Structure formats: structure tokens, C-alpha cells
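Chemist: Build me a structure from this.
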Amino acid sequence: MWDPNAPEGHEAAKTRWRVAPYLKGAGLDLGCGPCKILDTRFCIGVDNGKDTQLFNIQMRPDIWGDVSNLSMFASASMDYVFSSHVLEHFPYEQVPALLREWCRVVKLHGVMALYLPASGLYPDPGTHPKCNVDHKWAVTFERVLEAMKKVCGWDLVEYELCGDADEYSHFFVFKLGKNPHRHDESWKKSSNPDKKPTVAITRLGAFGDVIQAAAIFEAFKKRGYHVTAFLSYPASELVAFDPNIDKLVVVLQDQIPIQQLGHYWLWWRKRFDHWVNLTESIEANLLAMEGNIRFEWPPAARHMIMNRNYWELQYRIAGIPPEVPQTRFYPNEDEKKWAAKELQRMRAAGCEKLILWPLAGSSRTHKVWPHIDQIFGRVLGCYPTWGIVTVGDASCQDLDEKWKGNPKIFRTSGSWTMRQVATFIDQGYADAVVGPETGVMSIAAFYPMPKIIFLSHSTTENLTKDWRNTTSLWAPETWCPGRGKNEVPACHMMLPRFEPGCRRNEVTGVAQCATEIKPEWVWSLLQKAIHEGSAGTWHPPATSVLEVK
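Modeler: Residues are numbered from 1 along each chain as shown. As a prediction, this is how the structure comes out:
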């Protein structure tokens, strides 16, 4: 509530972390005052300095200017506009025109966020001697929506009447739409109308990290929670339609200054009944990163501590009894139609069986298998009705360049999105999935088709022990800095580069542990997978590998 004896402060600071998830990309802070809502180069502060005259507060905008005239900014040039305690300084009859100018600079589907003094929590103009004498109208929920309906089409994706502690404001976030006559209020659906217990689950990471965390979303949903997921982009796209998530909060890289990220989490944490932070749950605990003391440990010691199941640890962190996860992907109808057309295209090329093959993971050191040409050649030579769909990001295009133009090799790296890859898997169009330990393999983990995975920095216990219909291959005789003299089956290390933890094979140019997974093992298992629909049994050849328990 408003306290007439409290000193005038920076109102926007009270809602900084509330609005931060919506301030993605480049945008404007209109009437920014003494400091911008986010102190980044992507946020441009505009202020005319009037509060210096009224309250002797020193303004620090990037641009000195009148917020009612944004002619220096091109139309649809900004991802967002934010404004705190500005609109009430203009007569209400001018507000629609002002909002129209603000919306002009925002891209389609961008957002406009408003933080305004709330009638009932803050005195209406002229009703209290200490209220702001420059306020021109009493701000209510209804009057703001009435003005916005005269401006453009929108969806009110977030609304909160903020009256705790020293707040006395409305908080609006409008997502701008193309149809000027459509005005939705989706915030009502995601704001927990049934008053369920709330949980926030944070997992900043890559695609594989998010699909693993999906098991935790589902576990809380089954227990009757309203689930909010804090995820990083682009991995967040993978669960955009997951019914186990009631609200998705996305964080972009560099969106929030790294030195302020801790404050961001602390602000949000107090708003939930239960808080689960899975960020770095695997990376920092079961995979040693360079600079961490565990990176320097002998291989056997690292294996003793880190040979634990990734899912089980996340269940433990969440305070939930571990269970066998059954994660899946949820495509929308348009994605299903797209996948059906792709399958039709491949069938037209004479492919009755399809092998989905992710070419590389996020680390090109050990998550690349160098012998694909041998397998691809055998497939084309022995089975004319089999086809191979290679997937990956644009950086993978060089890995299957040799097969460019072959009608039975469908090269999709850099063209299919991860959601499209996941849809192809979900619809059952892949008769087998083969590749290194990547996000794609984690997506396929609990689907029924046979899978052959090449393990590198993880063991079966870590990753695949509960996967359905899966054969896990690993190199049983590798000598390298991470595994020592063939002491353990995995290094348990994060290895974005070869030195100091990974040995590079001089012939293949990739990790020694990936190179030593033999093509003949893969070929034998792949034929069984395609002909019988089941993963084969594989045991590493007798070696000097020590069993460390």
C-alpha cells in the first residue's frame, strides 16, 4: 500500500523482476527515471526529466525526449515497450493516442508492459495532500483496457494488482496482435484460478536438459500442483505445448545481467509454495566442468561419485520419490500435418523403413561418431527400401556432405527445427533412432522404436538404464585424460574442447572414445533393430576395464 510518509522512490524497481521475463530482445523504457528497468545495452531509456523539477530526482536516460513522440524510432522496430508510472500524467482523453504511438514501434507479437498507480491503493488525483499533484486521472483496470481497445488488437497475457509491501500498482503485459478487433485475456487461464499449490521449476540448459526436466513437470502436475517452468531459449520451445506446464517463463541469453540473476531468482522464489532449481543439477554435479576440482580428480574417484542416474538426482532435488520417467513430446496439429507430408515425401522416394540419425550434440568433441559413411554405404548397398534422415543444427551440415543429392539420404540439418524432429519421432515415423548422446536421443528415450546410442561422457547408469528398447554402446578400451588408462567406462566430464580432458584421434579428428565404437557393432545391431523392431543385446568385448562400484 501507499505510505504518504515514505520517500519517493524508483517505482519501476519494485516490478523489475516481475516484468523481466517479458523484456526479450531490444526495447524501450519510456519515462525511465533515474535508472532503466534492465541495465543492458538492449534496453533504451527515454525520459524528459520532468521529475527532476517535481521531486529533485536525477534522471539518467539514454535519450532525452518526450515519450508522446517516438518519431526517432521506426515502426515495428522494438520487441517491447515498458513504462512505469507515466500514463497517469497525461489527461485520460489523450491516453489512447499515446498508447497508439507506443504500440507503433513494437513488432507484431511484441509486448507492451505497463506499471501504473492503482485506484484504491493510491489516492485518486486531488484526494490527498501528499499524492502526486501531476496525476491527471484515477487508474483502474477497466479504464486501461478501455483505452487499449481503441489502439490495436492484443492479448492481456499478464495482469496483477500489486499491493503487498510498498507496492500500490497495476501490472499489465499486452501481447500485440494483428486483428485490431480481437482482445483476449489469457492471463486468467494461467493465473491459477483453482488456487492449487504452486511450484516453480527452473532448468536453464540445452534441449536434452529440458526433456529430462519434463519428468519433474509431470510428477508435480500429477500431485495437483500449478506448475511454472523457468527455461532458457531455444530449449524452452521443446515444451511449448506440454500440458504439464501451466505457465512457461523464458529467459534469453544475456537478457538479465549475470550479476543480477541471483536477485531475479530470489524475487521469484518467494512467490511459490515450492521452488525447485534444477539448473546445473547435472552439469555441476554429475559432469565435472573445467575449473571445478572434480575435473582434476583421478578417473576412478570421479566415477565413484558421479556414476549416478541423472533423472534420479533431479527427483531427489525436487523432493519427489524417484520413479521410472515416461517423458514424451507434445506436438500441435500443424506439426503433425507437416510430419505426415514429410513421411509421404520419403515414401515417394521408395523408403519403406526410415532411420533417424542425429549427427552431433552440443559438444563436437565427443558427441560425433566418425564412421557414419560406412553405415550409410551399407544401408544403401544392401537395403534399397531403407532411408536415412540426418538431423542436427546448421553446424552439422558438413558431417553428411558426402551424401548430398542421394535420394535415400534426407539431409535436414539446419532446416528442421528441434520441434519438427521431435514431432517426427512422436508420430512413430522413425523405425530406428541412432546417434551420439544428444537431445534428440533423449527425446526418443521412452518411445517404443529401437534406439542405438553412442555413449561418451555418460554411462548407462547415468543416462539410459531406464530407456525403452535401447542399446547403449561405448568404447571399452579408451585411454584418454578423462578415463585414464582404460580405468572407467566414461569420463563424467563436460568437454567443449579437446584439451585438457579429451583425447583427439589423429585419424578421425574426433574423440578417441567415439572413434573406438566399431562400425561392425552398429551394423549388426541396426539390422536387428530394423528387421525385428527391437534393440539388440551388446556386451563390451573382454578388456582390462576395471569395474568401479
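Chemist: Within the sheet, what are the partner strands of the longest strand seen in the chain, with directions?
Modeler: Counting residues, the longest strand in the chain under DSSP state E turns out to be strand 106-117. Applying DSSP bridges, strand 106-117 is found paired with strand 78-84 (parallel), strand 169-177 (antiparallel).
Chemist: What residues of it count as buried?
Modeler: Across strand 106-117, burial judged by 16 or more other Cβ atoms under 10 Å covers 106-107, 110-117. In this view, the C-beta of every residue, glycine as well, is placed from N, C-alpha and C.
Chemist: Now do the SS call for Lys221.
Modeler: Here Lys221 is recorded as helix under DSSP: H, G, I helix; E, B strand; the rest coil.
Chemist: do Ile453 as well
Modeler: Following three-state DSSP, the label given to Ile453 is strand.
Chemist: related to what we said a few turns ago, would you list the buried residues of strand 106-117 in a markdown table and tack on pLDDT and distance to Val434?
Modeler: Formatted as a markdown table, these follow (pLDDT from 0 to 100; distance: Cβ to Cβ, whole Å):
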| residue | pLDDT | distance to Val434 |
| --- | --- | --- |
| Val106 | 98 | 45 |
| Lys107 | 98 | 41 |
| Gly110 | 97 | 41 |
| Val111 | 98 | 42 |
| Met112 | 98 | 47 |
| Ala113 | 98 | 46 |
| Leu114 | 98 | 51 |
| Tyr115 | 98 | 52 |
| Leu116 | 97 | 56 |
| Pro117 | 96 | 60 |
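Chemist: which two in these are spaced the farthest apart?
Modeler: The two members of the buried residues of strand 106-117 with the most space between them (Cβ to Cβ) are Lys107 and Pro117, at 28.4 Å.
Chemist: picking that back up, for the longest strand of the chain, C-alpha coordinates in PDB please.
Modeler: Output in PDB follows, covering the C-alpha atoms of strand 106-117 (Å, rounded to 0.1, in the frame of the first residue of the first chain):
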ATOM      1  CA  VAL A 106       6.500  -2.600 -31.300                       C
ATOM      2  CA  LYS A 107       6.800  -5.600 -33.600                       C
ATOM      3  CA  LEU A 108       3.800  -7.800 -34.200                       C
ATOM      4  CA  HIS A 109       3.600 -10.200 -31.200                       C
ATOM      5  CA  GLY A 110       5.900  -8.000 -29.200                       C
ATOM      6  CA  VAL A 111       4.700  -6.800 -25.800                       C
ATOM      7  CA  MET A 112       3.800  -3.600 -24.100                       C
ATOM      8  CA  ALA A 113       4.200  -3.700 -20.300                       C
ATOM      9  CA  LEU A 114       2.600  -1.000 -18.000                       C
ATOM     10  CA  TYR A 115       3.100  -0.400 -14.300                       C
ATOM     11  CA  LEU A 116       0.600   2.200 -13.100                       C
ATOM     12  CA  PRO A 117      -0.700   3.500  -9.700                       C
END
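Chemist: hmm, back to that, mean neighbour count, the strands paired with strand 106-117: which tops it?
Modeler: Mean neighbour count (mean count of other Cβ atoms under 10 Å) peaks for strand 78-84 among these, with a mean of 25.
Chemist: pLDDT averaged over that one - what is it?
Modeler: Per-residue pLDDT values over strand 78-84 give a mean of 98.
Chemist: again with stretch 253-271
Modeler: Across stretch 253-271, pLDDT averages out at 88.
Chemist: ok, now stretch 379-394?
Modeler: The average pLDDT within stretch 379-394 is 97.
Chemist: how about a markdown table for the strands paired with strand 106-117, with distance to Phe217 added?
Modeler: Shown next, in a markdown table, are the strands paired with strand 106-117 (distance: least, Cβ to Cβ, whole Å):
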| stretch | distance to Phe217 |
| --- | --- |
| strand 78-84 | 27 |
| strand 169-177 | 23 |
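Chemist: I'd like to know which of those is closest to Lys518.
Modeler: Lys518 sits nearest to strand 78-84 of all the strands paired with strand 106-117, at 49.8 Å, using Cβ to Cβ.
Chemist: what residues does that closest one touch?
Modeler: 11-12, 15, 19, 22-31, 33, 37, 67, 102-103, 105-107, 110-116 (Cβ atoms under 8 Å, 6 or more residues apart in numbering).
Chemist: Tabulate the CA atom coordinates of that strand in PDB.
Modeler: Taking C-alpha atoms only, strand 78-84 is exported to PDB below (Å, rounded to 0.1, in the frame of the first residue of the first chain):
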ATOM      1  CA  MET A  78      11.200  -2.800 -31.000                       C
ATOM      2  CA  ASP A  79      10.500  -6.100 -29.300                       C
ATOM      3  CA  TYR A  80       8.900  -4.400 -26.300                       C
ATOM      4  CA  VAL A  81       7.900  -1.200 -24.600                       C
ATOM      5  CA  PHE A  82       7.900  -0.800 -20.900                       C
ATOM      6  CA  SER A  83       6.600   2.200 -18.900                       C
ATOM      7  CA  SER A  84       6.200   2.700 -15.200                       C
END
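Chemist: quick one: the helix or strand that it is followed by to strand 78-84, angle?
Modeler: Per DSSP states H and E, the first helix or strand lying C-terminal to strand 78-84 is helix 95-104. Calculated by axes from the mean of the first three to the mean of the last three Cα atoms, to 10 degrees, helix 95-104 forms an angle of 140 degrees with strand 78-84.
Chemist: hey, which helix or strand in the chain has the poorest pLDDT?
Modeler: Every helix and strand of the chain was ranked by mean pLDDT, DSSP states H and E. The lowest is helix 50-55, at a mean of 66.
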